[in-house]
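Trainee: fold the following, please.
(one chain, ligands or ions: 2)
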Amino acid sequence: MLPRDQNSQEIIDFVVNKGNGIKGLVDSGIETVPELYILPVEERLEPSKILPHESIPVIDVSNWDDPKVKESICEAAGKWGFFQIINHGVPSEVLHAVKEAAHRFFGLPNKERNKFWAGNSPTDTVALKTSFAPQAEAVLEWRDFLSFRCGPHDMESFPSWPPVCRDEVVKYIESAKPVIRKLLEILLKEIKVTEIDKAREYELMTAPVVYFNYYPRCPNPDLTAGVLPHSDITSISLLLQDDNGGFYVRATDGESWIHVPPIDGALVINIGDVLQIMSNDRYKSIEHRVVANGSKDRVSIPIFMNPRPDAILGPLPEVLESGEQPLYKEVVYSDYFKYHLSKKHEGKKSMEFVRI
Ligand SMILES: O=C(O)CCC(=O)C(=O)O
Ligand SMILES: [Fe+2]
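Mentor: Ligands and ions are numbered 1, 2, ... in the order given. The predicted structure follows:
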């Protein structure tokens, strides 16, 4: 535990230990951002660091078999690590319904929401948490999140999931899975992996997790962070954002930031650390961050595609076939995510853990 002053300790107690979350704190009527949430000046997103005229690619995937579509996907994954897709086939009603479901869950009275707080939850497949790693953070992130583990056996605990949102989560993940599979097939084919067999599936997509990220309105969004810069430790992530904006990705100069404008019906796709490692840097897992919102409650709903905890990751043999040197040592996925979770969000620090 980090040393804290008394006021911050009381807030930790209310928000984290008692499981009220930042949502509970905002509902208690705070009118200023508490010290515990104020970032040092150098960690805030200064407007001068934003490139207003840059944007990540938007790719129309209505015809997956069009070679130009495939090329755009692989190019975007190598250059930007991020792109948006439109005409992907996930029905807009499903997307709309899952966003409404997230608002319904976070609109529950504290006492009802709290039943799913990590440690209290009736099932270990659903957990409500706040910030990212409060025990390791000097400054907390202005975010609560509810996670749903959605692997094949996890669904057996569906009856214990929150009734106000569980159907919508299942519809969302089931409709998104074919899109994710298609994207992975295209990306892997480009690096000479012609088929996603069982072993590859184990490394890429066996343990999906859905988050409801909830960022309640913040009295002074410039002082704090919704989510600090980080890369995802996934193979690939798919993100549904609402129309509030506030999501930024690292520009190709490695210094500046680019806003990802909400597009109605679009999904944001990003490469995670696992695929950067497996592709030996062909594809890039790029940092991103969220700025809190001064006027509205924001939700975002990512699907994180993860390996099984005991999967062993490293650059793929197909990629190294021509004699190319591996840039990463082999790592058991559970060691990688334990390392990631032991510290605050710190850009791409987790990847240094396995870089040769
Ligand atoms: O809220 C967002 O738009 C992105 C959140 C995010 O990056 C994450 O949950 O890993
Ligand atoms: Fe992320």
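
Trainee: let me know the distance separating the closest residue to Leu45 other than its chain neighbours from ligand 1.
Mentor: For Leu45, ignoring the flanking residues on the chain, the nearest one in space by C-beta to C-beta, 6 or more residues apart in numbering is Val291 at 5.7 Å. In short, each C-beta sits where N, CA and C put it, glycine included. For Val291, the distance to ligand 1 equals 10 Å [C-beta to the nearest ligand atom, to the nearest Å].

Trainee: Val291 and Leu223 touch, don't they?
Mentor: No: in this structure Val291 lies outside contact range of Leu223 using C-beta atoms under 8 Å: 10.7 Å.

Trainee: quick one: which of these two has more around it?
Mentor: Legend: neighbour count by other C-beta atoms under 10 Å for Val291 and Leu223, higher for Val291 (24 against 18).

Trainee: tell me who's in contact with Lys49.
Mentor: 255-257 (C-beta atoms under 8 Å, 6 or more residues apart in numbering).

Trainee: do Leu187 as well
Mentor: Leu187 neighbours (C-beta under 8 Å, 6+ apart): 73-74, 77, 236, 271, 275, 279, 283.

Trainee: from the residues you listed, list the buried ones, please.
Mentor: Using 16 or more other C-beta atoms under 10 Å as the burial test, the contacts of Leu187 include 73-74, 77, 236, 271, 275, 279, 283 as buried.

Trainee: what about those residues, which are in helices?
Mentor: Of these, the ones assigned to helices by DSSP state H are 73-74, 77, 275.

Trainee: taking the stretch 101-250 of the chain, what residue is nearest to ligand 1?
Mentor: Phe247 (4.0 Å; C-beta to the nearest ligand atom).

Trainee: pLDDT at that residue, what is it?
Mentor: At Phe247 the predicted local confidence, pLDDT, stands at 98.

Trainee: tell me how many other residues crowd it.
Mentor: 22.

Trainee: likewise Arg217?
Mentor: Arg217: 15 neighbours (other C-beta under 10 Å).

Trainee: cool, and the one 4 residues further on?
Mentor: Other residues near Pro221 come to 20 when the count uses other C-beta under 10 Å.

Trainee: same question, the one 5 residues further on
Mentor: In terms of burial, Gly226 registers 23 neighbours under the definition other C-beta under 10 Å.

Trainee: hmm, Gly246 and it touching each other?
Mentor: Yes: using C-beta under 8 Å, Gly226 is in contact with Gly246, at 6.4 Å.

Trainee: mind checking how far Ala207 is from Leu267?
Mentor: 20 Å (C-beta to C-beta, to the nearest Å).

Trainee: ditto for Gln325
Mentor: From Gln325 to Leu267 the distance is 35 Å (C-beta to C-beta).

Trainee: returning to that earlier point: out of the contacts of Leu187, which is nearest to Gly107?
Mentor: Ile236 (30.5 Å; C-beta to C-beta).

Trainee: list the contacts of the closest one.
Mentor: Ile236 neighbours (C-beta under 8 Å, 6+ apart): 180, 183-184, 187, 204, 269-272, 275, 305.

Trainee: quick check: phi and psi on the residue nearest to the spatial centre of the chain?
Mentor: The residue lying closest to the centre of the chain (C-alpha atoms, centre = their mean) is Pro302, at 5.4 Å. Phi and psi for Pro302, reported as degrees, to the nearest 10, are phi -80, psi 150.

Trainee: my guess is Phe158 contacts Asp167. True?
Mentor: No: between Phe158 and Asp167 there is no contact under C-beta under 8 Å: 9.3 Å.

Trainee: what about Gly89, which helix or strand?
Mentor: Using DSSP states H and E, Gly89 sits in no helix or strand.

Trainee: for it, grab the count of nearby residues.
Mentor: 13.

Trainee: and for it, nearest residue in space, chain neighbours not counted?
Mentor: Val179 is the one closest to Gly89 (C-beta to C-beta, 6+ apart), at 6.5 Å.

Trainee: who touches Leu128 in this structure?
Mentor: 19, 21, 113-114, 116-118, 121, 144-146.

Trainee: follow-up on the earlier one: residue contacts, the residue nearest to the centre of the chain?
Mentor: Residues near Pro302 by C-beta under 8 Å, 6+ apart: 210-211, 213, 232, 237-240.

Trainee: return the set of residues that bridge with it.
Mentor: Applying DSSP bridges to Pro302 gives these bridge partners: Leu239.

Trainee: state the distance from it to ligand 1.
Mentor: For Pro302, the distance to ligand 1 - C-beta to the nearest ligand atom - is 5 Å.
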